[in-house]
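Colleague: turn this into a model:
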Amino acid sequence: MAKLKVGVLISGRGSNLAALIDAAKAADYPAEIGCVVCNRENAPGLAIAAAAGIPTAIVAHRDHPDRETFDRAVSDELDRHGVDLVVLAGFMRIFSPWFPARWKDRLINIHPSLLPAFKGLHVQRQALEAGVRVSGCTAHLVTPDLDSGPIIAQAAVPVLTGDTEETLAARILRQEHRLYPLVVRWFGEGRIAIDGDRVTVTGVACDATLLFSRET
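Modeller: As a prediction, this is how the structure comes out:
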C-alpha cells in the first residue's frame, strides 16, 4: 500500500520536522515526507531535511506581492511533489483564506497550548500570567481563523512552580515531538474522520487522543 505523501512547511529550526523524519524511518510508518518547503533561506530546518535526503524548496514571502500569491506559490511546490497532507512545523506565516480552502481537511498544525486557550504568539507567557496549572500542545486542522481549527489530539504537561517561558516551552516541545508523528500516523492509516468542527480517530480509544506527561 502506498504511503501518505506529506509536505512539511517550516520557517525555523525544524525540531518537529526532525521528529517526523525519525518516525518515518520505521518500516511500519504509513507516511513519508515528500518535500519540505520553507519561506526563509537560512532556516536550520533545511539542513535537517537535506541530511535526510528530502527535497527542499524555498518560497520567500518577500518575493510575492500579497499573501495569496505567496500561498499559491507554496501550493504549487506541494503539488509538484504529489503531497497528500500538509503539515505545518513552525511555519511562521498567516495564510490567506485561499490556502486552507485549497487544502481543506488536509492541512494540520501543532500549537503550543491547549486550545482554545492561549492563541497566537507568546503562549507560554499567556499561560504563566493566567496562572494555569496545566498547559500543553494541540494538533488541529487549519482553517482561515487563526489557531481555531478542529482539534485532533492534545498533550498536557504540568505547569511547575518556578517555571519560566523557556522551561515551560521546552517541556511542551518534548510532547509536540510525541504527538505530531502520532497524528500523522493516524492520517496515514486512514483513521481521521471529520464531521464539521469535530474530529474523531476511528479505531483509537478516545483517551488515546490526549497524552499526559508526568515529568517534573
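
Colleague: and Ala117, how far from Ile21?
Modeller: 30 Å (C-beta to C-beta, to the nearest Å). Every residue, glycine included, has its C-beta placed from N, CA and C.

Colleague: who's more crowded, these two?
Modeller: Higher neighbour count among Ala117 and Ile21: Ile21, with 21 against 16, using other C-beta atoms under 10 Å.

Colleague: what's around the nearest residue to the more buried one once chain neighbours are set aside, how many residues?
Modeller: Nearest-residue entry for Ile21: Ala52, 4.9 Å, with adjacent residues in sequence omitted and distances by C-beta to C-beta, 6 or more residues apart in numbering. Ala52: 16 surrounding residues under other C-beta under 10 Å.

Colleague: again, but for Pro100
Modeller: For Pro100, using other C-beta under 10 Å, the count is 20.

Colleague: how near is the residue nearest to Ile21 to Trp98?
Modeller: 30 Å.

Colleague: ditto for Ala19
Modeller: 29 Å.

Colleague: now swap in Leu114 and tell me
Modeller: Leu114 is 29 Å from Trp98, by C-beta to C-beta.

Colleague: compare those two (neighbour count), which wins?
Modeller: The neighbour count for Leu114 versus Trp98, taken as other C-beta under 10 Å, is higher for Leu114 (22 against 15).

Colleague: which one is the more buried one nearest to, not counting chain neighbours?
Modeller: Gly136 (4.7 Å).

Colleague: so where does the one you found fall, helix or strand?
Modeller: strand 134-141 (DSSP states H and E).

Colleague: which parts of this structure are helices?
Modeller: Secondary structure of the chain (DSSP state H): helices at 15-24, 45-51, 67-80, 98-102, 123-130, 165-188.
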